[in-house]
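S.K.: Sequence below, structure please.
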Amino acid sequence: MTKPRITGSWIDVIHVNQKDGVYWNRKTLAYSAADWDRLVGHLKNDLGITLLLLQNVARDGGSVYPSKVLEWQWKTVNCRDPLGAILTACDRHGVDFFPGIGFPTADGTVTAESAQRLDWYERVSTEFVENYGSHPSFKGWYVAAETAIKDGAFLPDHVAFTGKLCALWRQLTPTLPALASPFFTGARIIPDVARLATEIERMGCDIIAYQDGVGCSTGRSPAYPAVDNVRVFEALAAAHSRTHVKLWANVELFVFENNIFFQPLLPAPFERVRVQLQAAAQFVDRVIAYTVPGLMTAQTVCPGLGVPETDDLYRAYRAYLEEDEAAVSRTANRCEPTNELR
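M.R.: The predicted structure follows:
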């Protein structure tokens, strides 16, 4: 049996939270189309990443592509259209791409009024389809405005907003799935499986990739709550078994600098990540991560994307993959038929 693997990741041009992404946004804002192609190829060929989700095509009223809908564009020094460059790279390397549209407000908070502001999402989503819908790598949508679970249930405002946004996308692109990635607040154990299943259906998503919350909770400790997440994902699996919605895990690869909340993100130690993978993978269809570029990429391939520890996490994960590949190869060799007489 192969070890749990990360097969998808978020990627961003300008991170939704400037403090979080400070150690890689200084590079991505200056990336050329060739740089984006190199990064996407590295993620696919060296790490087995076959899905990328863009954090946001728009932030604080500004776009990461030439837009006629949004008022201004983020300054990207060496690439006029980073969004197009990423999609082209995904096309070339065979990587699926889900865009997150972003937020009409600066803080990205979902409120009771959010569902009434869908005109903004409709205009930006329609422009995305008109400009980039022909790219073969465009395979779905990402709900960038994060839903939340509190005391075992999704917040009502979030359910209403997500349901309307997913319905809007279904009208635009009837065959493409929508993915949400909720976070946990309050109790970590989901107490009411039946209620959660009903809310999952109402949200209208095709895939939910739950954040495992370890990066936000534990700093460098590998044990808690990563091990505790076995019970969380077991309960989520029970809820999803009553729905048509796929269950994925979103493994957090980060720690906060100086262990201070909302400070820049740094790579977590691999031993913690290993525990996270083991806790979630047994219950879910797929494991994706937040976020591989800048936290688990090779400095030799993408110099300056992240910090020196970024290379440490990359090399540790590569060793983990190679160890697994060697074990699979040994098993295959033992099973090969021979012509020897017994």
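
S.K.: Just give me the neighbour total for Gln18.
M.R.: As a burial measure, Gln18 scores 12 neighbours (other CB atoms under 10 Å). Using the backbone N, CA and C atoms, a C-beta is placed for each residue, glycine as well.

S.K.: and the nearest residue to it once chain neighbours are set aside, what helix or strand is that in?
M.R.: Distance criterion CB to CB, 6 or more residues apart in numbering; nearest residue to Gln18, sequence neighbours excluded, is Asn25 at 7.1 Å. Using DSSP states H and E, Asn25 sits within helix 22-28.

S.K.: gap between that helix and the chain center?
M.R.: Relative to its chain's centre, helix 22-28 lies at 18 Å (CA atoms, centre = their mean, to the nearest Å).

S.K.: Low-confidence bits of the protein, can you list those?
M.R.: Residues of the chain that meet the criterion pLDDT under 70 lie in 1, 105-116, 185-191, 218-226, 327-342.

S.K.: My guess is Gly304 contacts Lys27. True?
M.R.: Yes - the criterion here is CB atoms under 8 Å, and Gly304 meets it with Lys27 at 5.2 Å.

S.K.: Pull the number of nearby residues for the spatially closest residue to Tyr31 that is not a sequence neighbour.
M.R.: Computed as CB to CB, 6+ apart, the closest residue to Tyr31 that is not its neighbour in sequence is Cys79, at 6.0 Å. A count of nearby residues for Cys79, using other CB under 10 Å, gives 21.

S.K.: what do you get for Asp206?
M.R.: Asp206 has 16 neighbours, counted by other CB under 10 Å.

S.K.: And Gly304, by the same measure?
M.R.: Number of residues near Gly304 (other CB under 10 Å) recorded here: 13.

S.K.: how near is it to Arg318?
M.R.: Per CB to CB, to the nearest Å, Gly304 is found 19 Å from Arg318.

S.K.: One more: Arg80?
M.R.: As for Arg80, its distance to Arg318 is 34 Å (criterion: CB to CB).

S.K.: Tell me which residues touch the nearest residue to Glu122 once chain neighbours are set aside, please.
M.R.: Using CB to CB, 6+ apart and skipping residues adjacent in sequence, the residue nearest Glu122 is Leu168, 5.7 Å away. Listed by CB atoms under 8 Å, 6 or more residues apart in numbering, the contact set of Leu168 reads 118, 121-122, 125.

S.K.: Which members of these are classed as buried?
M.R.: Among the contacts of Leu168, those buried by neighbour count (16 or more other CB atoms under 10 Å) are 118, 121-122, 125.

S.K.: Make JSON lines from those residues and add distance to Gly21 to it.
M.R.: Compiled in JSON lines, the buried ones among the contacts of Leu168 are given as follows (distance: CB to CB, whole Å):
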{"residue": "Leu118", "distance to Gly21": "27"}
{"residue": "Tyr121", "distance to Gly21": "23"}
{"residue": "Glu122", "distance to Gly21": "27"}
{"residue": "Ser125", "distance to Gly21": "23"}
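
S.K.: Can you tell me which of those residues is nearest Tyr65?
M.R.: Nearest to Tyr65 among the buried ones among the contacts of Leu168 is Ser125, at 13.0 Å by CB to CB.

S.K.: In three-state terms, label the closest one for me.
M.R.: Secondary structure for Ser125, judged by DSSP: H, G, I helix; E, B strand; the rest coil, is helix.

S.K.: Settle this for me: it is touching Arg170, isn't it.
M.R.: No - using CB under 8 Å, Ser125 is not in contact with Arg170, being 11.1 Å away.

S.K.: could you pull out the helices for this structure?
M.R.: Here the chain has its helices, by DSSP state H, at 22-28, 33-47, 82-93, 118-132, 156-172, 193-203, 214-218, 229-240, 270-281, 308-335.

S.K.: Check which residues of the fifth one are buried.
M.R.: Neighbour-count burial for helix 156-172, counted by 16+ other CB under 10 Å, picks out 157-166, 168-170.

S.K.: got it, and stretch 236-244?
M.R.: Neighbour count says stretch 236-244 has 236, 239-240, 243 buried, by 16+ other CB under 10 Å.

S.K.: Just list what the longest strand along the chain packs against, helices and strands only.
M.R.: If you go by DSSP state E, the chain has its longest strand at strand 246-252. Using 3 or more CB pairs under 8 Å, 6 or more residues apart in numbering; DSSP states H and E as the contact definition, the elements that strand 246-252 packs against are strand 207-211, helix 214-218, helix 229-240, helix 270-281, strand 286-290.

S.K.: Specify the beta-bridge partners of Asp96.
M.R.: Residues in a beta bridge with Asp96, per DSSP bridges, are Leu51.

S.K.: so what's it up against?
M.R.: Taking CB under 8 Å, 6+ apart as the criterion, Asp96 is in contact with 50-52, 90, 137, 139-140.

S.K.: ok, now how distant is it from Thr28?
M.R.: Taking CB to CB, one finds Asp96 at 20 Å from Thr28.

S.K.: quick one on the thing from earlier: same list (the helices and strands packed on strand 246-252) but as a markdown table, adding distance to Asp312.
M.R.: Listed next are the helices and strands packed on strand 246-252 as a markdown table, based on distance: least, CB to CB, whole Å:
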| stretch | distance to Asp312 |
| --- | --- |
| strand 207-211 | 23 |
| helix 214-218 | 16 |
| helix 229-240 | 24 |
| helix 270-281 | 8 |
| strand 286-290 | 16 |
